[in-house]
Structures are given as structure tokens and as C-alpha cells.
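[1] build me a structure from this.
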Amino acid sequence: MKRLLSIGAVVTLALGASAPASAWDVTLAGGVTRESTEVIRLALQRDFERSWWQSSTGRLTGYWDAGYTYWFGDQSASNHSLSFAPVFVYEFAGESVRPYVEAGIGAALFSSTEHESHDLSTAFQFEDRIGFGLRFAGQEIGVRAIHYSNAGIKNPNDGAETYTLHYRTSF
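    So this is what the prediction gives:
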């Protein structure tokens, strides 16, 4: 975990120094797979800039997510993946802190079809996610589970999961 925090600190500082002013947010996540292999994920998000079903309880909104994940290898070589997904968010009403839940389905491309004990069969995978957290002062902290699978395009279809803690901020 110390390795994840060190890499995360360097990446965050680098992005802060070079990020152009725009409507894109940056998320840094660290976590583990089902086999306790560490992962680190860096992503850019852009809000949909629209809401649905806004009420005194909350609102439905969302964002586009483009991410890079580094999968540390224990039993086999490390892996890399790029992903892109629309994510829908239900944000509960609140003055300074707003809880939320999220879900999304997108696509990912892996550098290798094998990781740990998983045979992904194809480099192309679907990315399904669920998560929850808190939004406050232009920032967000949350927990997320992401499942990767090729949806039976080719067998075997072992799939893989990550469970991460993430931090999102605007630059």
C-alpha cells in the first residue's frame, strides 16, 4: 500500500503542476483485486452538465470517465488497462456534504489477456461499476467496485474485479 501512496502522490503533484484550466476533474484511486493484488487508477471525468428528476431529495446526473489502471503483478506480469464509461450518479441533497451512489457500464482495453489466475481471453472488456461516497467543496471521496468481463465474446471469460478508495478534485 505504501507503493500505491508514493505513486499516487507523484502523479497528483505532476497533474497539479501541468493541468490546464478546464471542466475536467481528476480522480486518483488505489485498491485491490479479488486476489489482493494492488491496483492504482488515474482518471479524468467531465460532468454531463445536466440533471434529471431534481427534487428536494436529490438529483440524477452523471459524468464521462476516461481512466488508466495499473495492475501490479504477484504471480504474473503486471497489466495495464485503458477505459471509457458514462457513469450515472444519484446525488442526495445536502448543504455542504452531499452523499451519492453511482453506476456505469463502459469499455476497457487491457495490455494482456492474463492477470494473476484470470484468463480474460480478449483484450477488450466491458467495465461495470457501482460506488458510493461524499461530495463536498468541489471534491469527492468514495468507494467503488469495478468488474471487467468480455460478456462471453470468447471463452474462458474469467473476468476481474477491483475494489478501490478514490479521491476526485477539480483543477
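[2] which intervals of the protein have sub-threshold pLDDT?
    Scanning the chain for pLDDT under 70 picks out the ranges 1-22, 74-77, 115-117.
[3] and the strands in it, which stretches?
    Across the chain, reading from the start of the chain, the strands by DSSP state E fall at 24-33, 38-47, 58-71, 79-92, 97-110, 114-115, 118-119, 124-136, 139-149, 160-170.
[4] tell me the most buried of those?
    Most buried of the strands of the chain, by mean neighbour count (mean count of other C-beta atoms under 10 Å): strand 114-115, with a mean of 22. (Glycine included, C-beta is placed from N, CA and C.)
[5] excluding covalently adjacent residues, which one is nearest to the residue lying farthest from the centre of the chain?
    Taking C-alpha atoms, centre = their mean, the residue of the chain most remote from its mean C-alpha position is S56, at 28.5 Å. With sequence-adjacent residues excluded and distances taken as C-beta to C-beta, 6 or more residues apart in numbering, S56 is closest to A93, at 6.1 Å.
[6] tally of neighbours for the one you found?
    12 (other C-beta atoms under 10 Å).
[7] who touches it in this structure?
    For A93, the set of contacting residues under the criterion of C-beta atoms under 8 Å, 6 or more residues apart in numbering consists of 55-59.
[8] for V89, which non-adjacent residue is closest in space?
    For V89, ignoring the flanking residues on the chain, the nearest one in space by C-beta to C-beta, 6+ apart is E102 at 4.5 Å.
[9] over to S149?
    Counting by C-beta to C-beta, 6+ apart, the nearest residue to S149 once its immediate chain neighbours are dropped is G159, at 4.0 Å.
[10] repeat for Y70
    I40 (5.1 Å).
[11] run through the bridge partners of R168.
    Each beta-bridge partner of R168 is listed here: T27, E140, as defined by DSSP bridges.
[12] good, wrapping up.
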